[in-house]
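K.L.:
Fold the following.
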Amino acid sequence: MRVDLFDFELPPERIALRPASPRDAARMLVVDAGGSMHDRIVRDLPSLLRAGDCLVFNDTRVIPAQLEGRRGDARIGVTLHKRLGPRDWQVFMRNTRRVREGDVIDFAAGVQAQAGPRDEDGGMAIRFLGDEPVEILLERAGQMPLPPYIASKRATDAKDRDDYQTMFARDPGAVAAPTAALHFTPELIAALHAAGIGHETLTLHVGAGTFLPVKADNTDDHRMHAEWGRIDAATAERLNAVRARGSRLIAVGTTSLRLLESAAGEDGLIRPFEDETRIFITPGYRFRAVDGLMTNFHLPRSTLFMLVSALMGLERMQAVYGHAIENGYRFYSYGDSSLLLP
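P.N.:
All right, here's what the predicted structure looks like:
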C-alpha cells in the first residue's frame, strides 16, 4: 500500500509533553465494531469490558538508554537500540560521521564505550569498557530515552524516571515505554479484577526503531526493526484458555499485540515464544490472537498507525483520528488512549 495513505495533519499543540495525573484520568476514545465513537476516560474501563476478558500487558522496563558524550572535541549523542551481548549494544548515534570503528567515546561519570562496526539498519555497535555491569553504568550516566517529539520540546528531568515507566515494569531492556500501559494504576487494576476482568503479562523489549520514520513510498518496501520478546509456556496456556471459554484477549499496547500475533499459529493458538520479531502489520493482515486493542494515538505515516488501520480499517481510523484532533485529545507517548474493539 502507498505510505501516504496513512498521512494526516496533527496540530503541534496536540502532542502531550506530560502524562495525565492521576494516570487513569486520561481520556479514552472507545471505537466499536460498528464504528461508533464514545468519549470516555481510562478509569471507565471496568464498565466497558466483559467479565472474563483478559488484558495483556508488556512488563518490559525502560532503561536510561540516552547518553551524551564526546570523542575529542565532537559532541556525540547515543541512543541504545538493541542489546547484542553482555557489554555490546546496537545504537543510533548523533554526529556519527565524527566516529570511526575503534574510537572511544567518553560519557558522563567516567563511563566509556568503544565504537564498533556500522550495521545495515543505519546504526553502529558500541562496547562499554570496564568491569562494572552495563546496567550500573547506565544508571550513572544515562537518561530516560524520551521520544524525539517530546525531547525536542523540553529537557528530560527526574520526573520522567517515574512517568515513563509503567506499573508493570519488571524486566529491564526497553529503550521506549509500552505507553498504553502508562495509564494504569493499582486502583484501576483492583477495579478491573472486581469486575471479573483479568490480566497477564509478557515481555517485548521495545527498541528505538519504533520511532524510525517509514521512508519507503510503499509498505512492501519498508524493512521493519527487530525486537526481542518472550511468552512462557504457562502464560501461553492461560491466554489460550481465555479464548477457549469464549472471552476476549485485549492487548494493552501495540507491543503486546505484535508479540501475541508473532507467537500465534494459523489455528489462533498462542505458542511459547522467545525470539526476535519483525512482524509488520498492515491492512489486509488476518489477526489470529487478539480481540481488541487499547493504545495511544500514533504518528502519521508510522507503522503503528498502519497497525491500528489493519485492525479497524483505514477509513474508520482516519475518522477516529479526525474526531480525536477536533475534540482535543492529547497524542503520542504521554497522551490519551483509545479502546479499539473490532
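K.L.:
after the helix or strand hosting His38 comes which helix or strand?
P.N.:
Using DSSP states H and E, His38 sits in strand 37-41. Counting by DSSP H and E, the element after strand 37-41 in chain order, helix or strand, is helix 45-48.
K.L.:
Tell me which strands the helix or strand following that next one pairs with, and in which orientation.
P.N.:
Per DSSP H and E, the first helix or strand lying C-terminal to helix 45-48 is strand 54-58. Its sheet considered, strand 54-58 pairs with strand 198-205 (parallel), strand 249-252 (parallel) by DSSP bridges.
K.L.:
Centre of the chain to strand 54-58, how far?
P.N.:
Computed by C-alpha atoms, centre = their mean, to the nearest Å, the chain-centroid distance of strand 54-58 equals 14 Å.
K.L.:
next one: stretch 37-47
P.N.:
Using C-alpha atoms, centre = their mean, the offset of stretch 37-47 from its chain centre is 22 Å.
K.L.:
Quick check: buried residues in it?
P.N.:
By neighbour count with 16 or more other C-beta atoms under 10 Å, stretch 37-47 contains the buried residues Val42, Arg43, Asp44, Leu45, Pro46. Where C-beta positions appear, they are placed from N, C-alpha and C, glycine not excepted.
K.L.:
and what of stretch 286-300?
P.N.:
Using 16+ other C-beta under 10 Å as the burial criterion, the residues of stretch 286-300 that qualify are 287-299.
K.L.:
What is the neighbour count of Leu10?
P.N.:
16 (other C-beta atoms under 10 Å).
K.L.:
actually Leu188, not the one I wrote
P.N.:
By the criterion of other C-beta under 10 Å, Leu188 has 19 neighbours.
K.L.:
do the same with the one 5 residues further on
P.N.:
Here the number of neighbours of His193 (other C-beta under 10 Å) works out to 12.
K.L.:
OK, contacts around it?
P.N.:
For His193, the contact set (C-beta atoms under 8 Å, 6 or more residues apart in numbering) is empty.
K.L.:
how about a cut-off of 10 Å?
P.N.:
Pro46, His199 (C-beta atoms under 10 Å, 6 or more residues apart in numbering).
K.L.:
For the stretch 201-342 of the chain, which segments are assigned as helices?
P.N.:
Along the stretch 201-342 of the chain, the stretches classed as helices by DSSP state H, counting those that start in this stretch are 233-244, 254-263, 303-312, 314-326.
K.L.:
now the angle from the longest one to helix 303-312?
P.N.:
Following axes from the mean of the first three to the mean of the last three C-alpha atoms, to 10 degrees, one obtains 120 degrees for the angle between helix 314-326 and helix 303-312.
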